[in-house]
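J.: no FASTA, just this:
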Ligand code: GLU
């Protein structure tokens, strides 16, 4: 066998595995060994998919929706997606301006793969979702990380955006509400960013709105192409049913944007996964066309949990957090823990050490902030019932109190 047989693609070889999935795998390993772990690491709602959506999927199987669909998705779902963008986001789109993918991740990956060439830059505000820079890199581009610290509410400022744009900038990725910080960009903030972008017509914008419906305190969600319609011809607005309808495992993401880009993404998808799962498409159709009370209810539940978590975490020595405006994450500074020694005798040099020690010694799983591009922090997903959240915060507090 040739010594070279295990040679991997250069870009893949230098990419990191998904940090969120790595921790989820570690949780599964600990559980398999009998440990009782409270997992605050997975970014997915803890609720079941609503009954009428599950029923639509069963009906889809019974009625023979079991074959390939069109690559871009079935017409009925594309119409429902277009109606959603018109109704909820004020975007003037028809079904031909939409594309259905196998999860939000595929929307983002295909958009980048369809447009990036060697040397192209993508502005990624940090803290960012773990997969953005890796996807950019896998697609041949260069992530240009712009750090947005707690002082700016973890949000990109117009000045920082202006300073990051170069002749090589191909995309800006904007995620609101944000994973991992829960930061929400308000209308005026989007306006100010739009002013900068209008002056740089070579930059495409990816608006990742996957947490759109998880927005608290009666704030009104706004997306960039709605706030500044002049940017719509170069904005890809993406969303999905995962977070809004507790459908993470169904793998349905969708998007709208300029047709040249959607057509390129469709061409790529046609040589790759083809249409998204036919059953899941029918389920997503039931979600988008059906009652919306689930969204209201889960938003209210998450807001209460957020309040609980912010209170408990800010009462924990060594931790400190802002109050996030959306999503289901708290991004807490653990600067006060760095340099200390855990009850198990490990020196906490980094936030990754903190996350590992919490898992091994306190049986609580969180994701280290450095995976999201800002340290020392930990991301705490509060997609669990109140009793488990209280128990987890107690275990974290006991751990912090016992540090040497
Ligand atoms: N978006 C979720 C998270 O951040 C799911 C895991 C992933 O795809 O990264 O935890």
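T.: Noted; the coordinates are in hand. On a predicted model such as this, the values are computed, not experimentally measured, just so you know.
J.: and the residue in the stretch 201-350 of the chain positioned nearest to the ligand, how many residues sit next to it?
T.: Of all residues in the stretch 201-350 of the chain, the one sitting closest to the ligand is residue 248 (7.1 Å; C-beta to the nearest ligand atom). Using the backbone N, CA and C atoms, a C-beta is placed for each residue, glycine as well. Close neighbours of residue 248, defined as other C-beta atoms under 10 Å, add up to 19.
J.: shouldn't it be in contact with residue 48?
T.: No. Residue 248 lies out of contact with residue 48 (C-beta atoms under 8 Å); the separation is 11.3 Å.
J.: Kindly provide the distance from the residue of the stretch 151-300 of the chain found nearest the ligand to residue 129.
T.: Relative to the ligand, the nearest point of the stretch 151-300 of the chain is residue 179 (5.1 Å; C-beta to the nearest ligand atom). Relative to residue 129, residue 179 is positioned 5 Å away (C-beta to C-beta, to the nearest Å).
J.: Residue 390 versus residue 38, what's the distance?
T.: 10 Å.
J.: which of those two has more neighbours?
T.: Using other C-beta under 10 Å, the more surrounded residue of residue 38 and residue 390 is residue 38, with 22 against 14.
J.: Mind pulling up the pLDDT for the more buried one?
T.: pLDDT, residue 38: 96.
J.: Look at the closest residue to it other than its chain neighbours and report its pLDDT.
T.: Once flanking residues are discounted, residue 38 sits nearest to residue 392: 4.2 Å by C-beta to C-beta, 6 or more residues apart in numbering. On pLDDT, residue 392 comes in at 97.
J.: how near is residue 392 to the ligand?
T.: Going from residue 392 to the ligand by C-beta to the nearest ligand atom, to the nearest Å gives 16 Å.
J.: Quick check, that residue in contact with residue 40.
T.: Yes. Applying C-beta under 8 Å, one finds residue 392 in contact with residue 40, separated by 5.8 Å.
J.: More neighbours: those two, which one.
T.: residue 40 (28 against 25).
J.: That one contacts residue 364, doesn't it?
T.: Yes. Contact status for residue 40 versus residue 364: in contact at 6.3 Å, counting by C-beta under 8 Å.
J.: For the stretch 151-300 of the chain, which residues are neighbours of the ligand?
T.: residue 179 (C-beta under 6 Å from any ligand atom).
J.: Helices of the stretch 151-300 of the chain, start to end?
T.: In the stretch 151-300 of the chain, the helices defined using DSSP state H, counting those that start in this stretch lie at 158-164, 187-198, 224-227, 259-270, 278-289, 293-314.
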